[in-house]
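Peer 1: I need the structure of the sequence given here:
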Amino acid sequence: MATTAMLTFISFWRAAAIVLNDLASSAYYAGGEAEQFIGKTAPWFILATMLLSYAVSQLYVESCSMFVRGGVYRVVKEAMGGTLAKFSVSALMFDYILTGPISGVSAGRYVAGLLNELFAFAHLNIVLNSNVAATMFAVAATLYFWWQNTKGIHESSEKALWIMQLTTVMVIALVSWCGYTLWTQGGHLPPAPVPRNIILDKHSLGWLYGSNLAGLITVIAVFVALGHSVLAMSGAESLAQVYREIEYPKLPNLKKAALVIFLYSLIFTSLVSFFAVMIIPDKTRPEYFQNLIAGLAMNLAGPYVARLIFQVFVVAVGTLILSGAVNTAIIGSNGVLNRVSEDGVLSDWFRRPHPRFGTSYRIINFVVAFQLAMILLSRGDVTFLANLYAFGVIWSFVLNGIAVLVLRYTHPEGREFRVPLNLSIAGKDIPVGVALITLVLMTTAVVNLFTKPAATVSGIIFSGALFGLFTLSEKRIQRLRGEKHIELDQFNLAQETELTQKNLGVRPGNILVPISTNYALYALEAALRRAKHRETEVVVLHVQVLQRAGSAESDLAPDQLFSTIEQSLFSKVLSIAETEGKPVRLAVVAANDLWEGILRMATGLQSSSVVVGSSSKMSVNEQARDIGLAWERMPEPRPRITLEIFNSSGQEQIFYLGPHAPRLTPKEIDLLHKLWVDISDDLGGEEIHHHDIVHFALAEVERQFASSRRDEVLLRMRDHLRGIKDHRMPPS
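Peer 2: Okay, the predicted model is just below:
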């Protein structure tokens, strides 16, 4: 059996929690970092960034509706080719490599600040070095989530959901207390987001300083400010990567997740920035730029002890959500590099499954090693990491936006969702919404190139180096293969003498779907669509038919049972399962007879039904008869199994293997009831039921069939069958 095919799909709440651990965690540092560059107008631009983040998420929803295994790499490649796709993923990886460290270091600074506050309250002469403590904490958090992701996404998504539930309690308490503080002490909104209120100095303008360009062109000043606030916008790519894991119905659940993410981050991140400027005094606020919410907690109205206790709660929750962002960065980067490897840019070695957990642990190790290096290089300085961060996230968004725009013209069909605001002129669709979003992103990205020198230089160096590695790796793989690359999933194989419910991990009542070719999987698609509830498990089986004079199946090596043919077939199966958002179990068995092997598996797994596609060599009735004869050859006790045969147009015919109650037509039911009424009247006080009529009729047929009237009975039965041939129910 292929153990990595035991997919576990997650709800939209879990998907939203994974992304929010990244996006919402920026509330803990984005406002303070932005204010360092552009001044007290920062909250307005944080708010604008949150609104923009929802527009960006809609771009990703549209691209996901086209590609289940999507994300910026797949979308850019489909639209603009492999070269730009490799550059886009190189820039994106710079974002992911920094997301984990900036979140972990920020969490460490919150913990160090709280401990120093508690030490001072207890009159202890202990002062922790914030940078050292932040570095140590970030390393520990990264290693913890490295292990969780090595075990699998279900493990990490459960923890992400728990973190967001606890964070919600904290957000409600924080917003309520801040509202009470403003009501009792008063406050003023931050300065209006106009150029005269935006700080435009060497720190914020970078290479534009001295050119007067930002001062002369008002809109440039606005985009300078927006560029320094883009730190608050992340997670959209993680949403695309986690889409593969979202359960049925996939796209509606993705839309729900995107809306939850937007509303949560809009309220949390934006309000924190506004409350910080309105409540924390201007003189002391710079002290809290790297742990903004802790400073907010300590400046609320109320007794000092109560504020200190609340700060403990805020820091505890912040530590969890910021650590969760480390988790999200690993999940996202793992998904991105898997797409790259599947496409033949990286070797299959990177995707080789973990022997125990089935995860692509080598990619995870690669990402975590880079993140640990960045943590140590930063020495616990959040601002250093923040200065580098914006390059990757904004340019990956830009390329994704351009790609979606191009695909509107090159691939106008094939998507269930379109970004709103579309016009139709002379029969041509004009994607105004996509164009406006892409224009805003592009302008912000270009301005950032000149206002963030450190991010520009380091981002270009990192992205260029990774792009070069991708290019060299792809050429090497093409030389070795010498043929067109075919995307194949990687599988772990667990060889068993006999496949049982226990070692395959299924319960009785599962659906067994035999497959033989990846060109006729419509029966599997039908089975997955009907299995709407996760309790209904689907087992996909491929039978290797052996010659009777050949080796016994127990003598076959794993590579004989599972060759590239099976790998290609199961890769297609996984793609269908991911599209439908329903889990499958995969198995390969050897047998001397196809249907005996299938029915033997159905018996061992206690399957309730076997779902197959119609044969191209015989009629459905002939196919069902062959399967029925194979069932009759099985030793007792033979199971009762429903056989469902689908043709390519989706039409289904149902047969029952073994004794079963017949499906009666309304006419037959009316006849049975009429006979019951007549016989009940004639027999007087005798107790008689409908099933007694059926039992008596069957006994009479059996008696006559065993007598000299057998030929007469057969003749009358043949005449009856011919008479109802054109208007009978589907066979049973």
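Peer 1: list phi and psi for the nearest residue in space to Leu561 that is not next to it in sequence.
Peer 2: Closest residue in space to Leu561, ignoring its immediate chain neighbours: Val588 at 5.0 Å, by Cβ to Cβ, 6 or more residues apart in numbering. C-beta here means a position set from N, CA and C on the backbone, and glycine is covered the same way. The phi/psi pair for Val588 (degrees, to the nearest 10) reads phi -130, psi 130.
Peer 1: what does the strand or helix carrying Lys502 rub up against?
Peer 2: According to DSSP states H and E, Lys502 maps onto helix 501-504. The contact list for helix 501-504 (Cβ atoms under 8 Å, 6 or more residues apart in numbering) reads Met1, Ala494, Glu496, Arg507, Pro508, Val539, Arg585, Ala587, Gly604, Leu605, Gln606.
Peer 1: can you count the residues close to the third one?
Peer 2: In this case it means Glu496. 12 (other Cβ atoms under 10 Å).
Peer 1: where's it, which helix or strand?
Peer 2: Under DSSP H and E, no helix or strand contains Glu496.
Peer 1: what does the pLDDT read for it?
Peer 2: Glu496 is assigned a predicted lDDT (pLDDT) of 78.
Peer 1: and for the fourth one?
Peer 2: What the model reports for Arg507 is a pLDDT of 87.
Peer 1: the residue nearest to Leu561 reaches Gln567, doesn't it?
Peer 2: No: Val588 lies out of contact with Gln567 (Cβ atoms under 8 Å); the separation is 10.4 Å.
Peer 1: so which of those two has more stuff around it?
Peer 2: Val588 (22 against 16).
Peer 1: can you name the residues bridging to that one?
Peer 2: Note on Val588: beta-bridge partners by DSSP bridges are His542.
Peer 1: strands along the stretch 601-732 of the chain, start to end?
Peer 2: With DSSP state E, counting those that start in this stretch, the ranges of strands along the stretch 601-732 of the chain come out as 609-613, 641-646, 652-657.
Peer 1: point out the most buried one among those.
Peer 2: strand 609-613 (a mean of 23; mean count of other Cβ atoms under 10 Å).
Peer 1: same for that one, what does it pack against?
Peer 2: Here strand 609-613 touches strand 511-515, helix 522-530, helix 594-605, strand 641-646, going by 3 or more Cβ pairs under 8 Å, 6 or more residues apart in numbering; DSSP states H and E.
Peer 1: which other residues reach that strand?
Peer 2: 511-514, 520-524, 526-527, 598-599, 602, 623, 641-648.
Peer 1: hmm, try it at 7 Å
Peer 2: 511-514, 520, 522-523, 526-527, 598, 602, 641-646 (Cβ atoms under 7 Å, 6 or more residues apart in numbering).
Peer 1: and if you look at stretch 283-295?
Peer 2: With contacts defined as Cβ under 7 Å, 6+ apart, stretch 283-295 is touched by 28-29, 31-33, 35-36, 106, 109-110, 113-114, 272, 276, 280, 311, 314-315, 318, 382-383.
Peer 1: looking at this protein, which helix or strand is least sure?
Peer 2: One helix or strand of the chain scores below all others by mean pLDDT, DSSP states H and E: helix 213-216, with a mean of 60.
Peer 1: quick check: next helix or strand after it?
Peer 2: Trace forward from helix 213-216 with DSSP H and E and the next one is helix 218-229.
Peer 1: how about that following helix, which residues are buried there?
Peer 2: For helix 218-229, the buried set under the neighbour-count rule, 16 or more other Cβ atoms under 10 Å, comprises Ile220, Ala221, Val222, Phe223, Val224, Ala225, Leu226, Gly227, His228, Ser229.
Peer 1: pLDDT averaged over stretch 633-645, what's the number?
Peer 2: pLDDT averaged over stretch 633-645 gives 86.
Peer 1: please read the previous query as pertaining to stretch 306-323.
Peer 2: The predicted model gives stretch 306-323 an average pLDDT of 88.
Peer 1: flag every buried residue along that stretch.
Peer 2: Arg307, Phe310, Gln311, Val314, Val315, Val317, Gly318, Thr319, Leu320, Ile321, Leu322, Ser323.
Peer 1: ditto for stretch 322-337
Peer 2: Per 16+ other Cβ under 10 Å, stretch 322-337 contains these buried residues: 322-337.
Peer 1: show me where pLDDT drops low in the stretch 501-650 of the chain?
Peer 2: Scanning the stretch 501-650 of the chain for pLDDT under 70 picks out 532-534, 547-560.
Peer 1: go again using 80 as the cut-off
Peer 2: Within the stretch 501-650 of the chain, the ranges that satisfy pLDDT under 80 run 518-520, 530-535, 546-565.
Peer 1: got it, and the stretch 151-300 of the chain?
Peer 2: 152-159, 210-219, 231, 234-238, 241.
Peer 1: please redo it, this time with the cut-off set to 70
Peer 2: In the stretch 151-300 of the chain (pLDDT under 70), the answer is 153-156, 212-218.
Peer 1: could I get the full set of helices for it?
Peer 2: Ranges of helices in the stretch 151-300 of the chain, per DSSP state H, counting those that start in this stretch, are 153-185, 202-205, 213-216, 218-229, 236-242, 250-279, 292-297.
Peer 1: what is the longest one packed up against?
Peer 2: Secondary-structure packing of helix 153-185 (3 or more Cβ pairs under 7 Å, 6 or more residues apart in numbering; DSSP states H and E): helix 12-23, helix 130-151, helix 250-279, helix 304-342.
Peer 1: what angle separates that helix from helix 304-342?
Peer 2: Relative orientation of helix 153-185 versus helix 304-342 (axes from the mean of the first three to the mean of the last three Cα atoms, to 10 degrees): 140 degrees.
Peer 1: right, and Ser360 touches Val336 too?
Peer 2: No: contact criterion Cβ atoms under 7 Å: Ser360 and Val336 do not qualify, at 11.3 Å.
Peer 1: if you compare the helices of the stretch 151-300 of the chain, which one is most tucked away?
Peer 2: helix 236-242 (a mean of 29).
Peer 1: dump that one to CSV, restricted to CA.
Peer 2: Taking Å, rounded to 0.1, in the frame of the first residue of the first chain, the C-alpha atoms of helix 236-242 are listed here in CSV:
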residue,chain,number,x,y,z
ALA,A,236,-1.8,34.9,0.7
GLU,A,237,0.7,32.5,-0.8
SER,A,238,0.2,30.2,2.2
LEU,A,239,-3.5,30.2,1.4
ALA,A,240,-2.7,29.0,-2.1
GLN,A,241,-0.5,26.2,-0.8
VAL,A,242,-2.9,25.0,1.9
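Peer 1: other SSEs contacting it?
Peer 2: Secondary-structure packing of helix 236-242 (3+ Cβ pairs under 7 Å, 6+ apart): helix 12-23, helix 42-66, helix 304-342.
Peer 1: is it possible to get a markdown table of those that adds distance to Trp207?
Peer 2: Formatted as a markdown table, the helices and strands packed on helix 236-242 follow (distance: least, Cβ to Cβ, whole Å):
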| stretch | distance to Trp207 |
| --- | --- |
| helix 12-23 | 29 |
| helix 42-66 | 20 |
| helix 304-342 | 29 |
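Peer 1: quick check: Asn116 vs Glu474, distance?
Peer 2: Taking Cβ to Cβ, to the nearest Å as the criterion, Asn116 is separated from Glu474 by 50 Å.
Peer 1: same check, this time on Arg718
Peer 2: Distance from Arg718 to Glu474, counting by Cβ to Cβ: 68 Å.
Peer 1: ok, the two, which is more surrounded?
Peer 2: More neighbours surround Glu474 than the other of Arg718 and Glu474, with 19 against 10 (other Cβ under 10 Å).
Peer 1: surely that one and Gly344 touch.
Peer 2: Yes: with contacts counted by Cβ under 7 Å, Glu474 reaches Gly344, the gap being 6.4 Å.
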